[in-house]
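S.K.: turn this into a structure:
(2 chains)
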Amino acid sequence: MKDKDTRPKYESFFTVFLQRFKKNRTGQISFYFVIFMIVLAVIAPIIANDAPVMMVSEGKVTFPGIFNPSEFLSTDWRNPSFPVDFAVWPIVRYSPVKSDLTKRVAPPSWDHPFGTDDQGMDVFARIVWGTRISISIGVISAGLTFLIGSLIGAAAGYFGGAADVIFSRIIEIMMCFPTFFLILSVLAFMPPSYYNIIIVIGLTGWTSIARLVRGEVLKVKTLDYIRAAKINGVKPFKIISRHILPNSITPALISATFNVAGAILVESTLSFLGFGVQPPTPSWGAIIRVAYSYIQFDQGWWLSLYPALAIFMTVTAYNLLGQAIRDSADPRLIE
Amino acid sequence: MSFLEASGIEVHFPIYKGIFRRVTGHVRAVDGVSFNLKKGEVLSVIGESGSGKTTLGNAVLGLYPPTGGQFRFHGADIRQSWFSGKIQAVFQNPYSSLNPRMNILHTIAEPYLRIEKNIDKDKLRIKVGEALETVGIEASAMFRYPHEFSGGQRQRVSIARALISQPELIILDEPVSSLDVSIRAQILNLLSDLKTKFDLSYIFISHDLATVRFLSQTIMIIYRGKVLESGDKNSIFERPANPYTHLLLQSARDIVVRNDPIERGEAVGGCPFYSRCPAADGQCRESFPQAAQLEENHYVYCYHPYVH
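M.R.: Okay, the predicted model is just below:
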């Protein structure tokens, strides 16, 4: 009988990566912070909303805070016109989009923990709900960048020749444009909606990933297992998807983490300039935009401080996470 | 009808210059190589680095289709047999010849799935298991990944991958040169056993004369894309006629190469060994010699062969 315990324990790339990532304190903290932000985005209706999470009214159980049914659109939840037998209320009972003009630019209080803005909307609720916009725009547009970049990079690297020349020139031309002003000028011709912002950020940021993947593919495609696959008549698409991309995508994945931070920053800047998602949709940049008109009168410090902190911490967390992943994945740094 | 017949194979790579990528010349990696391989035989291609021996192997495999000349496989054009699994290869570096992200089952099954498109999982596993057993690895190892194997085991896996599509010809591109000496003998014995078991033919590409001596019957000495000497193993090893072969065998026996390299200009259209050859003269510079038959199966391409 073979003794299994005496066999040397081999470690795959992923287990080594995990071990080293677990030792990285900064990486761990930023990872949990990112998870926390995602959870916050998901449970935003439980944290801050004017509608109850769950309500029993006239013998019927409904979830108006989560599903936002249209019949409650104009309901004043503090004095409902119908009897509420039982309700589970969110922690902060203010909607991120409903204004109350009697309480404009109110400083932080127990009722409004982060104060209110120029429309009397609760800043805390807007920041919590703004997490949804920021995180989703960041992740989806970085995902789009990653997808476009790795496909173009893989095609350029694998097929070489004319395809490589054409794609490389396109990448070089794209890199010549200052990305942010390109996004601004594109959004000048498009309605600045949520999807348009994602598409524009995604379509302008793929160049660095494409170059990264192209370089890796050039390295991998000369290896012998690619030759062996070619000899056996494996189709180019399958060679790319099964042999080349799994072995060349790691640097691009790391780069994509940094792209998330970049995209969140770009979205905030766009919202600050008024080219982002349109009010009253809550967005961190849009809150600071409101602060801009009050800060010159030495008013409304809470309007810029809290959303700025949210942006700063999220972007820092993604950047530190990317750095930690890069350090853990780099084989040259094995101690 | 011969098994594999090569006539005047040329593989030339264009050299591009300038922004318009004009072709300014060609690298003559393989330059007019002819040989004849019989079924069940081993042809060894010997040469130093950059002599075009690997390119010749790639030309047979169809990775670099020949720019001139023709291969005939079973009397038909070899193009029909490319990428079909009838011609397989085992490569030099066991660490780069297996995809690190694919387990052994999928690696070995890949050539087989090209032939049998709709095979159910269990049959495939049995087939892969059998292939692993034939190369001396236990079948239960098929779910492991390449990094869990040593260099020699990986080379066995490479051989199993080449065997599973039931090939007739295997190109062995320096299969043992990056292995330990002790493992080397095991792999060579395995290759020799498999040859008789499955009625295979090999083209054995090597720069190591000892391994060549063990496995092959016919030898081809290649230098800068041109064949300098070809023929029966014993005849070449005992009575090398070309000065280059002589030098090669000498360097294998002694550590010190006695002949200092002679510096001469390049010979355009002449013998590629002209600049280093101790016996070269004006004739060698002008033209490449025709084949001269020394024995029944021993040809030399030289104006000044050693006569034994």
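S.K.: and the closest residue to chain B within the stretch 51-200 of chain A, what element?
M.R.: Proximity to chain B, evaluated over the stretch 51-200 of chain A using C-beta to the nearest C-beta, is greatest for A:V165 at 9.0 Å. From N, CA and C alone the C-beta is placed, and that goes for glycine too. A:V165 belongs to helix A:161-176 when assigned by DSSP states H and E.
S.K.: which secondary structure elements does that helix contact?
M.R.: Helix A:161-176 is packed against helix A:123-159, helix A:207-220, with contacts defined by 3 or more C-beta pairs under 8 Å, 6 or more residues apart in numbering or on different chains; DSSP states H and E.
S.K.: show me the contact partners of that helix.
M.R.: Around helix A:161-176, the neighbours that count as contacts under C-beta atoms under 8 Å, 6 or more residues apart in numbering or on different chains are A:152-153, A:155-157, A:204, A:207-208, A:210-211, A:214.
S.K.: what's around residue 148, how many residues?
M.R.: Unless you meant another one, I'm taking chain A. Neighbourhood size, A:I148 [other C-beta atoms under 10 Å in any protein chain shown]: 17.
S.K.: let me rephrase: I mean chain B.
M.R.: Number of residues near B:E148 (other C-beta under 10 Å) recorded here: 18.
S.K.: where's it relative to B:F83, distance?
M.R.: 30 Å (C-beta to C-beta, to the nearest Å).
S.K.: go on, A:L151?
M.R.: Per C-beta to C-beta, A:L151 is found 25 Å from B:F83.
S.K.: again, but for A:L212
M.R.: Distance, A:L212 to B:F83, using C-beta to C-beta: 31 Å.
S.K.: more neighbours, the two?
M.R.: Taking other C-beta under 10 Å, A:L212 and B:F83 do not tie; A:L212 has more neighbours (22 against 17).
S.K.: neighbours around residue 271, how many?
M.R.: Here I'm looking at chain A. Count around A:S271 with other C-beta under 10 Å applied: 29.
S.K.: not quite, go with chain B.
M.R.: Per other C-beta under 10 Å, the neighbour tally for B:C271 reads 27.
S.K.: residues in contact with it?
M.R.: Here B:C271 is in contact with B:226, B:277, B:280, B:284-285, B:288-289, B:301-303 (C-beta under 8 Å, 6+ apart).
S.K.: list the buried residues for the helix or strand bottoming out on mean pLDDT in chain B?
M.R.: In chain B, the helix or strand scored least confidently by mean pLDDT, DSSP states H and E is helix B:243-253, which has a mean of 80. Buried residues in helix B:243-253, counted by 16 or more other C-beta atoms under 10 Å in any protein chain shown: B:243-249.
S.K.: wait, which of these is closest to A:S248?
M.R.: Each of these was scored against A:S248 by C-beta to C-beta, and B:L248 proved nearest at 39.2 Å.
S.K.: so what's that closest one up against?
M.R.: B:46, B:48, B:209, B:221, B:240.
S.K.: in strands only, show me the residues you listed.
M.R.: Those of the contacts of B:L248 mapping onto strands are B:46, B:221, per DSSP state E.
S.K.: what residue ranges in the chain score low on pLDDT?
M.R.: Here I'm looking at chain A. Scanning chain A for pLDDT under 70 picks out A:1-13, A:331-335.
S.K.: wait, I meant chain B there
M.R.: Along chain B, segments meeting pLDDT under 70 span B:1, B:252-268, B:308.
S.K.: spell out which residues of it are next to chain A.
M.R.: By C-beta under 8 Å from any C-beta of the partner chain, the residues of chain B that approach chain A are B:58, B:61-63, B:82-85, B:87-89, B:91-93, B:96-102, B:107, B:110-111, B:114, B:145, B:147-148, B:158, B:161, B:165.
S.K.: among those residues, which lie within helices?
M.R.: B:58, B:61, B:107, B:110-111, B:114, B:158, B:161 (DSSP state H).
S.K.: contact residues of the stretch 101-250 of chain A facing chain B?
M.R.: Taking C-beta under 8 Å from any C-beta as the test, the list of the stretch 101-250 of chain A residues beside chain B reads A:223-225, A:227-234, A:242-243, A:246-247.
S.K.: before we move on, the earlier item: widest-spaced pair of the contacts of B:L248?
M.R.: Spatial extent of these (C-beta to C-beta) is set by the pair B:E48 and B:P240 at 15.3 Å.
S.K.: picking that back up, let me know the closest of the residues of the stretch 101-250 of chain A next to chain B to B:G270.
M.R.: Closest approach between those and B:G270, by C-beta to C-beta: A:R227, at 33.6 Å.
S.K.: and for that closest one, the neighbour number?
M.R.: Residues near A:R227, counting by other C-beta under 10 Å, number 19.
S.K.: wait, what's in contact with it?
M.R.: Here A:R227 is in contact with B:58, B:61, B:63, B:89, B:91 (C-beta under 8 Å, 6+ apart).
S.K.: hang on, it in a strand?
M.R.: No - assignment of A:R227 by DSSP: H, G, I helix; E, B strand; the rest coil gives helix, placing it outside any strand.
S.K.: tell me how far it lies from B:V128.
M.R.: Applying C-beta to C-beta to A:R227 and B:V128 gives a distance of 21 Å.
S.K.: quick one: the strands in chain B?
M.R.: Per DSSP E, chain B carries strands over the ranges B:4-17, B:22-37, B:42-46, B:68-73, B:76-77, B:87-90, B:169-173, B:201-206, B:218-223, B:226-232, B:292-295, B:298-300.
S.K.: please identify the most buried of the ones you listed.
M.R.: Counting by mean count of other C-beta atoms under 10 Å in any protein chain shown, strand B:87-90 has the highest mean neighbour count of the strands of chain B, with a mean of 26.
S.K.: B:S206: what's it in contact with?
M.R.: Contacts of B:S206 (C-beta under 8 Å, 6+ apart): B:44-46, B:174, B:177, B:212.
S.K.: if we can go back for a sec, can you redo the strands of chain B as a markdown table with distance to A:C176?
M.R.: Listed next are the strands of chain B as a markdown table, based on distance: least, C-beta to C-beta, whole Å:
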| stretch | distance to A:C176 |
| --- | --- |
| strand B:4-17 | 26 |
| strand B:22-37 | 28 |
| strand B:42-46 | 50 |
| strand B:68-73 | 44 |
| strand B:76-77 | 49 |
| strand B:87-90 | 44 |
| strand B:169-173 | 44 |
| strand B:201-206 | 47 |
| strand B:218-223 | 49 |
| strand B:226-232 | 49 |
| strand B:292-295 | 63 |
| strand B:298-300 | 60 |
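S.K.: show me how far the least confident helix or strand of chain B is from its chain's centre.
M.R.: 19 Å (C-alpha atoms, centre = their mean, to the nearest Å).
S.K.: what's the angle from that helix to strand B:42-46?
M.R.: Interaxial angle, helix B:243-253 versus strand B:42-46 (axes from the mean of the first three to the mean of the last three C-alpha atoms, to 10 degrees): 90 degrees.
S.K.: with only the CA atoms kept, save helix B:243-253 in PDB.
M.R.: Extracted in PDB, the C-alpha atoms of helix B:243-253 (Å, rounded to 0.1, in the frame of the first residue of the first chain):
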ATOM      1  CA  PRO B 243      35.400  17.100 -42.100                       C
ATOM      2  CA  TYR B 244      32.500  18.500 -40.200                       C
ATOM      3  CA  THR B 245      31.300  15.000 -39.100                       C
ATOM      4  CA  HIS B 246      34.900  14.300 -38.100                       C
ATOM      5  CA  LEU B 247      35.000  17.400 -36.000                       C
ATOM      6  CA  LEU B 248      31.700  16.600 -34.400                       C
ATOM      7  CA  LEU B 249      32.700  13.100 -33.400                       C
ATOM      8  CA  GLN B 250      36.000  14.300 -32.200                       C
ATOM      9  CA  SER B 251      34.300  16.900 -30.000                       C
ATOM     10  CA  ALA B 252      32.100  14.200 -28.500                       C
ATOM     11  CA  ARG B 253      35.000  12.000 -27.600                       C
END
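S.K.: now the helices for the stretch 201-335 of chain A?
M.R.: A:207-220, A:224-231, A:236-238, A:245-248, A:250-273, A:284-295, A:301-329 (DSSP state H, counting those that start in this stretch).
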